[in-house]
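Student: Predicted model, plus sequence, below.
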Amino acid sequence: MAPLGQLILMVSIIGYKPQVPILSSLIHRETGICFYLSKNHLKLTKKNRDRICNKTGVPFLSKKQMGITAEYQSAFTSSFQEFFGNAKDIGWELYHLSSEPENDFPSWLTFTIRNPLGGRALVFRYHRLENKFYAHLKVQVIPGEENWSLDQLFHKKGYTDLDADDILSSGGEWLFHSLARHYFGIIISFCPRILEPDYFLD
């Protein structure tokens, strides 16, 4: 672990952007934590890259590959902060995940908002190749877990007539921001307690 510690310059936190030149990054599969590697700390040869990936279980993302990942994370994180403020202040947790790169880019990306005490989570998942977006409310039950489509739930309750396909077709250059603001706007307006057990789904 000591050699790896010498190579890793900093670890990203929700809403944090590194202020140093970045050579490359590693995205942790399970947590979405991003390890930024500095030009001054690492000559990232393929051998070095593979050694770190094998040792940590962290897939490598180049600057090119980071583009869509960083854009997605930034859009949902900044929109979340705009609508809800600091996640820690309300007892929620934020997570980012992405698939391992395929043809230079991840095939899917997720942003998750979790209420650990309420046993509920909102998961927003974008599939790049299919250009499809899925928003779900996950509810822990005994046994297992229930998955509720936010589009179907919001339509049923009369919150909106729009769904993910409508936003995808009109989102334009700011697609991820449009998606985040669409769902967060509905939640803050109609169901701010959607992650609490006292919010009834039926």
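Tutor: Yep, it's here. Since the model is a prediction, treat every value here as computed from it, not as a measurement.
Student: ok, how many other residues are close to the residue lying closest to Lys157 once chain neighbours are set aside?
Tutor: Nearest non-adjacent residue to Lys157, counting by CB to CB, 6 or more residues apart in numbering: Phe190, 7.2 Å away. Where you see a C-beta, it was placed from the backbone N, CA and C, and this is true even at glycine. Counted with other CB atoms under 10 Å, the neighbours of Phe190 add up to 13.
Student: Check Phe124 too.
Tutor: Neighbour count for Phe124, taken as other CB under 10 Å: 22.
Student: give the contact list for it.
Tutor: Phe76, Thr110, Phe111, Thr112, Phe133, Tyr134, Ala135, Leu179, Ala180, Tyr183 (CB atoms under 8 Å, 6 or more residues apart in numbering).
Student: Just the mean pLDDT for the helix or strand hosting it, thanks.
Tutor: Element membership for Phe124 (DSSP states H and E) is strand 120-127. In this model, strand 120-127 has an average pLDDT of 97.
Student: hang on, the earlier thing: wait, the residue nearest to Lys157 touches Leu153, no?
Tutor: No - judged on CB atoms under 8 Å, Phe190 makes no contact with Leu153 at a distance of 10.5 Å.
Student: ok, the residue lying closest to Leu122 once chain neighbours are set aside - contacts?
Tutor: The shortest distance from Leu122 to any non-neighbouring residue, by CB to CB, 6+ apart, is to Ile113 (4.5 Å). Counting by CB under 8 Å, 6+ apart, Ile113 touches Phe80, Ala87, Trp92, Glu93, Leu94, Ala121, Leu122, Leu195.
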